[in-house]
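[1] Next come a sequence and a model predicted from it.
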Amino acid sequence: MKSLKHQTKKHNRLIYYLCLFNLIFVTFACQQKGSGNLLLSTADSLMSTRPDSALYLLENICLSEIKTPAQKAKYILLLTQAQDKNYITPTTDSLIRIATEYYDSINNDIAMQAKTHYYLGRVYQELGNNPATIREFLKAMPLVKQSKDHKLLCMLYGNLGYVYFQQDLLDKADSLYVCEEELLKQEADSAHLATLLVQRAGICIMKGHAFHAEAEEFLNQALSIAEKLNNTYVEIEVLGVLRCLYNDMGEPKKAISYIRRELMLQKDTAQLYGIYLSLGDAYRRSNKNDSAVYYAYKSLASPSFYTKANACTILEDVARKKGDFAEAIHFKDNYEAYMDSTKQLEHTKEILSAEEETLLQQSEQKHRSNISLYFYYIYTGISFIIIFTVFFAYKRIKYRQKTQQLKQKQDSLLQTISAQSIQMKKEVENKDAELEELRQKCNRYNGDKQKLDQLNSCLNELLEEKNRICTKLENAITNKEKEIELLTQQIQSSDETRHNIHLAEQLTNIKKEKNYLFDSLLTSRSVAYKTLITIKQHNYENPDENKKIPTEIWETLLYEIDQLTHGFIKGLMGKYERLSKEDVYFCCLVKIGMKYADIAYVFGCTSNAVYKRRDAILKRMDVETKVKFEILIEEIQS
């Protein structure tokens, strides 16, 4: 008995030392990068306008900065919110539940408590757990109303309504959509309002023929908004529901007209099969059997068994009308086969789920059986771990001191360069003001030749000074590009992780400096760039009145950027000939360091559309999507 107690005490002591040394290791492994509260506040401020930047910042926060339970809860909530806004599907609810339990326990921050219950509901919604989703959304509802967060309340109404819609609780869903519609009108969010009207029309269609007129009214309003905004995605969504509505109403001619419009706008080939199916059904209702058969056969190429089954229904009906009962029976058999396939597919999913659960249980059982073996390895290796940890801690302290010195030197250099860049930009602006003043004086002394000669001489001197400043900016940009190339080569050739992290930080700072210099030079020299920035600001302030960049402005800006980047445009178009003009415009804005959120305002579209364009450009470049787009653009040369 004493021997057993002695072994237990020894085991506990060893575990304690192991945990202690692990804590030392983690403490030295994380480098201090700033105040946790400051980083979280920065991520929170970026969330609404630049969720991609907020996600990047949160994913790169050192966990040692998250010290208190309040910081941890806020970090988890912001991370879940950023992932939701960036369309990242969650895999578990374990993290957000920690934040929810914390804010429920303190019970004095209604706004954060409301958000945690809402985003816990969103996680359950993405995981397909509808009962848990509704439970969390209903908990969040009074809290959101109490906090008076209209945007969050609008999202809550929309998502809760969609869950009710999925469960065929149409009246409950529509009542929530009505509340959301009032909020959207107050917020003047036209694009989301059009989408909401489409959802309300879908509810009316499901209610039956008595509500078709109301559905038609909703869809006409939505179509008018989409056409006014020139929003192709919303317009396609509206047209898709309109064709279904008119097919149900027995007006195939109207359905066909909307289907043809949708075919002209739809670029996603995966969505065409459903459109072909609707077109075939409309022709069948119009007794144009040959056309119905043609489009029904085209929809048979769909990978969806449901689409194939419905196509067989059309072909069976046409065959019966023609009196070809053998062919009708053939298509009926095919219909039943496709429906059986859908059931088999669902059955297969159930089998895979059961198999995954069984494998997990086996893995846990195997893990338990090997626990004794794991402890043996821990006991035999504990001495080595202690020695290695002490040695590593000593080396880490030395490395951290050296890194801190380099960091201070780097920060000082960065401040100096930033100050110099700002000073050069101010000098250019001052020269422009002086030039304008001299030009006005030249106009006033037009008759005095002597005075005019003096003014012209001063004007030429100022122009020369401005050109010298611009030349300094160009040289600074060239130097930054050389530094970026050198650091990239060092990172690729080095196998030391810690060294690479330091080099990567330097590379990020230099890229920021280069982008700032680009902006300074273009702002001081390019009228086209100033026009682009003005239109971007207008689109940001007026989302319902987006302006387009004139072609001549784009062409001028491309020429100027090509000159500054030593042939970037030529290199891009020569290497990737499949890119369109709009693709080239997009690549140029990325090249000069413009954020995706700002690019969205330049093109007058949503951030989601910008990411889709980026992915489409990568496909046209025949590049795998895992390659970072910004790095690819940076490496393009003439």
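    Now that the structure is in, tell me what you want to look at.
[2] what about Leu46, distance to Arg614?
    Leu46 is 19 Å from Arg614, where distance means Cβ to Cβ, to the nearest Å. C-beta: built from backbone N, CA, C; applies to glycine.
[3] Then Leu279?
    Distance from Leu279 to Arg614, by Cβ to Cβ: 32 Å.
[4] what's the answer for Leu229, then?
    Separation of Leu229 from Arg614 (Cβ to Cβ): 22 Å.
[5] coming back round to it: which one of Leu279 and Arg614 has more residues nearby?
    The residue with more neighbours, out of Leu279 and Arg614, is Leu279; 27 against 18, by other Cβ atoms under 10 Å.
[6] Would you agree Lys207 is in contact with Leu170?
    Yes - using Cβ atoms under 8 Å, Lys207 is in contact with Leu170, at 6.2 Å.
[7] where does Tyr119 land in three-state SS?
    With DSSP: H, G, I helix; E, B strand; the rest coil as the basis, the three-state label of Tyr119 is helix.
[8] Was I right to think it contacts Gln81?
    Yes - if you go by Cβ under 8 Å, Tyr119 and Gln81 touch, sitting 5.9 Å apart.
[9] These two: who's more crowded?
    Tyr119 (26 against 23).
[10] any idea how far that one lies from Lys72?
    From Tyr119 to Lys72 the distance is 15 Å (Cβ to Cβ).
[11] One more: Glu65?
    10 Å.
[12] Also Phe211?
    Phe211 sits 49 Å away from Lys72, going by Cβ to Cβ.
[13] cool, Ala309 as well?
    For Ala309, the distance to Lys72 equals 51 Å [Cβ to Cβ].
[14] can you check Glu577 too?
    Distance, Glu577 to Lys72, using Cβ to Cβ: 51 Å.
[15] Looking at the two, which has the bigger crowd around it?
    Taking neighbours as other Cβ under 10 Å, Glu577 and Lys72 compare with Lys72 leading, 17 against 8.
[16] Contacts only, for the more buried one.
    66, 98-99, 102 (Cβ atoms under 8 Å, 6 or more residues apart in numbering).
[17] Turn the buried ones among those residues into a named PyMOL selection, would you?
    Only the buried entries of the contacts of Lys72 go into this PyMOL selection, using 16 or more other Cβ atoms under 10 Å:
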select buried, resi 66+99+102
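[18] Now secondary structure and distance to Ile561 too, for the contacts of Lys72, in TSV please.
    Listed next are the contacts of Lys72 as TSV, based on DSSP: H, G, I helix; E, B strand; the rest coil; distance: Cβ to Cβ, whole Å:
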residue	secondary structure	distance to Ile561
Ile66	coil	41
Ile98	helix	47
Ala99	helix	44
Tyr102	helix	49
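[19] Just the closest of the contacts of Lys72 to Asp174, please.
    Closest approach between these and Asp174, by Cβ to Cβ: Ala99, at 32.1 Å.
[20] tell me the pLDDT at the closest one?
    Confidence at Ala99, expressed as pLDDT, is 90.
[21] Surely it is in contact with Leu77?
    Yes - the pair Ala99 / Leu77 is scored as a contact, 4.6 Å apart, by Cβ under 8 Å.
[22] Now do the shared contacts for the two.
    Common neighbours of Ala99 and Leu77 (Cβ under 8 Å, 6+ apart) are Thr116.
[23] Give me the distance between Ile549 and Leu79.
    36 Å.
[24] For the helix or strand hosting Arg97, name the packing helices and strands.
    In the assignment (DSSP states H and E), Arg97 maps to helix 94-106. On a contact count with 3 or more Cβ pairs under 8 Å, 6 or more residues apart in numbering; DSSP states H and E, helix 94-106 meets helix 69-85, helix 110-127.
[25] List the buried residues of the shortest one.
    Within helix 69-85, the residues that count as buried by 16+ other Cβ under 10 Å are 70-85.
[26] Next, the angle from that helix to helix 110-127.
    40 degrees (axes from the mean of the first three to the mean of the last three Cα atoms, to 10 degrees).
[27] Identify the residues contacting Thr307.
    273-274, 277, 299.
[28] Strands along the protein, start to end?
    Read by DSSP state E, the chain holds no strands at all.
[29] low-scoring stretches of it, by residue?
    1-35, 270, 341-376, 379, 399, 402-403, 405-521, 523-525, 624-626, 638 (pLDDT under 70).
[30] burial of the closest residue to Gln266 other than its chain neighbours, as a residue count?
    Nearest in space to Gln266, with sequence neighbours left out and distances taken as Cβ to Cβ, 6 or more residues apart in numbering, is Ile236 at 5.7 Å. Look at Ile236: counted by other Cβ under 10 Å, it has 20 neighbours.
[31] distance of Thr68 from Tyr75?
    Thr68 sits 10 Å away from Tyr75, going by Cβ to Cβ.
[32] is it true that Met155 touches Tyr118?
    Yes - assessed by Cβ under 8 Å, Met155 is found in contact with Tyr118 at 7.4 Å.
[33] More neighbours: these two, which one.
    Using other Cβ under 10 Å as the criterion, Met155 and Tyr118 rank with Tyr118 on top: 29 against 18.
[34] Setting aside sequence-adjacent positions, which residue approaches the more buried one most closely?
    Ala140 (4.3 Å).
[35] just checking, the one you found touches Ala114?
    Yes - between Ala140 and Ala114 there is a contact at 5.3 Å, judged by Cβ under 8 Å.
[36] Quick check: closest non-adjacent residue to Leu57.
    Closest residue to Leu57 apart from its sequence neighbours, by Cβ to Cβ, 6+ apart: Ala43 at 4.8 Å.
[37] Likewise for Ala597?
    Among residues not flanking Ala597 along the chain, Arg50 sits closest, at 4.6 Å (Cβ to Cβ, 6+ apart).
[38] Compute the distance between the one you found and Ile88, please.
    The value you get for Arg50 to Ile88, if Cβ to Cβ is used, is 16 Å.
[39] what about Ala173, how many residues close to it?
    The local packing of Ala173 (other Cβ under 10 Å) involves 24 other residues.
[40] measure it to Tyr246 for me?
    23 Å.
[41] same deal with Cys62?
    58 Å.
[42] out of those two, which sits in the more crowded spot?
    Tyr246 (24 against 14).
[43] Chain neighbours aside, what residue packs nearest to that one?
    Spatial nearest neighbour of Tyr246, chain neighbours left out: Ala255 (3.8 Å); criterion: Cβ to Cβ, 6+ apart.
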